[in-house]
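1. Next one to model:
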Amino acid sequence: MSVPVHGGAEPVASGPAVGYGNRPEMIQAVPMRRPGRLVVAVLIVVLLALFLYGAATNSAYDWGTFGRYLFDQRVSQAAAITLSLTALAMFFAIVLGVILAVMRLSPNPVLKWVSWVFVWFFRGTPVYVQLVFWGLLVVIYKHIDLGIPFVHQFAHISTQSLFTPYWLAVLGLSLNESAYMAEIVRAGISSVDEGQEEAARALGMSWGQSTLRIVLPQAMRVIIPPTGNELISMLKTTSLVTAVPYTLELYSRTRDLAVETYNPIPMLLVASAWYLFFTSVLMVGQFYLERYFARGASRKMSAKQLQALANAQSLGSMHGGI
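-> This next block holds a predicted model:
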């Protein structure tokens with residue numbers, strides 16, 4: 001069928017031709033079927049179910065003993081001590097790590113050299129060896145003398161009364177972790193555009209002021225994720241403080257209970273359950289902290305932004321397209 005057109009023009013065929021304001025039909029995309037994924041998923045679920053069933057029915061795990069000691073007062077006190085070790089060690093490590101990172105980036109060559117040697121030594125030796133050394137500190141240095149060197153000492157302090165095993169453990173963990181935190185903070189500072197520091201200098205800020213007030217707050221987006229990983233790692237590293245020796249934290253306490261009960265497997269499960277609980281809580285906190293400092297930096301659109309875009313496209317199509 002054709003429509004006559006005046007002026008001698010050729011007839012135009014009528015039908016569902018696409019014209020002004022018309023939009024092509026949307027493609028109904030069908031996802032590609034992947035039966036291999038389904039088979040692998042089912043296989044994994046079956047293996048996991050078999051493992052759980054075997055663990056539940058295996059008498060070696062002794063779940064009754066596990067339940068009796070999971071919330072035992074001695075275990076819960078040891079868990080609290082583990083948390084305090086982790087918190088104190090990470091606090092001092094972060095403070096010292098920031099100082100070392102700023103020293104490493106300082107234009108002063110002496111500060112750079114001192115920071116580099118510190119990081120080189122504490123990253124290059126095992127943490128267990130360092131903890132053994134700090135445990136022997138009261139043997140190496142029996143007294144601390146205060147006064148004028150080689151002339152007169154005003155006071156003599158016994159290191160055995162000054163440093164308890166608990167604080168020696170905190171000291172050893174802090175110094176080792178500060179070397180890693182220094183590199184994390186340095187990487188975060190280096191990720192900030194140099195123009196930020198130049199702008200701060202143009203406003204009259206010193207190098208220290210621009211670093212603390214301008215650069216460090218922006219570097220937190222890069223610093224937070226690895227710091228969260230280091231915090232979780234520190235929680236588990238506290239199990240090594242037995243090298244000091246300090247034996248009141250979670251792993252050492254459950255190990256002692258295993259010796260008393262002649263049943264080490266459920267005691268190991270008790271310690272693992274507490275570690276997993278603390279780690280899970282820290283992971284949730286890390287997630288929300290990362291999301292807070294990543295505001296404005298993510299390319300992923302929020303639900304509100306996607307809805308606003310969809311509304312704008314619908315409005316444009318109603319008025320004849322964009």
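2. ok, residue 278 - contacts?
-> Residue 278 is in contact with 79, 82-83, 235, counting by Cβ atoms under 8 Å, 6 or more residues apart in numbering. In short, each C-beta sits where N, CA and C put it, glycine included.
3. Give me the neighbour count for residue 84.
-> 14 (other Cβ atoms under 10 Å).
4. residues of whatever helix or strand it lives in that come out buried?
-> Using DSSP states H and E, residue 84 sits within helix 73-104. With burial defined by 16 or more other Cβ atoms under 10 Å, the residues of helix 73-104 counted as buried are 75, 78-79, 81-83, 85-86, 88-90, 92-94, 96-104.
5. how far is it from where the chain is centred?
-> Put simply, helix 73-104 sits 14 Å off its chain's centre (Cα atoms, centre = their mean, to the nearest Å).
6. What segments of the stretch 201-322 of the chain are helices?
-> 207-210, 216-237, 250-261, 264-293, 303-318 (DSSP state H, counting those that start in this stretch).
7. Looking at those, spot the one closest to residue 120.
-> Residue 120 lies closest to helix 216-237 among these, at 18.4 Å (Cβ to Cβ).
8. got the angle for that closest one vs helix 264-293?
-> Counting by axes from the mean of the first three to the mean of the last three Cα atoms, to 10 degrees, helix 216-237 lies at 180 degrees to helix 264-293.
9. quick one: terminal-to-terminal distance for stretch 65-82?
-> Length of stretch 65-82, first residue to last, Cα to Cα, to the nearest Å: 22 Å.
10. where does this protein dip in pLDDT?
-> 1-23, 151-152, 295-303, 305-306, 309, 316-322 (pLDDT under 70).
11. Of all residues in the protein, which one is nearest the centre?
-> Per Cα atoms, centre = their mean, the C-alpha nearest to the average position across the chain is that of residue 228, at 2.0 Å.
12. follow-up on the earlier one: and after the helix holding residue 84, which helix or strand comes next?
-> helix 109-124.
13. For that next one, give me every contacting residue.
-> Outside helix 109-124, the residues within contact range by Cβ under 8 Å, 6+ apart are 100-101, 103-104, 106, 130, 175-176, 178-180, 182-183.
14. try 7 Å this time
-> Contact partners of helix 109-124, identified using Cβ atoms under 7 Å, 6 or more residues apart in numbering, comprise 100, 103-104, 106, 175-176, 179-180, 182-183.
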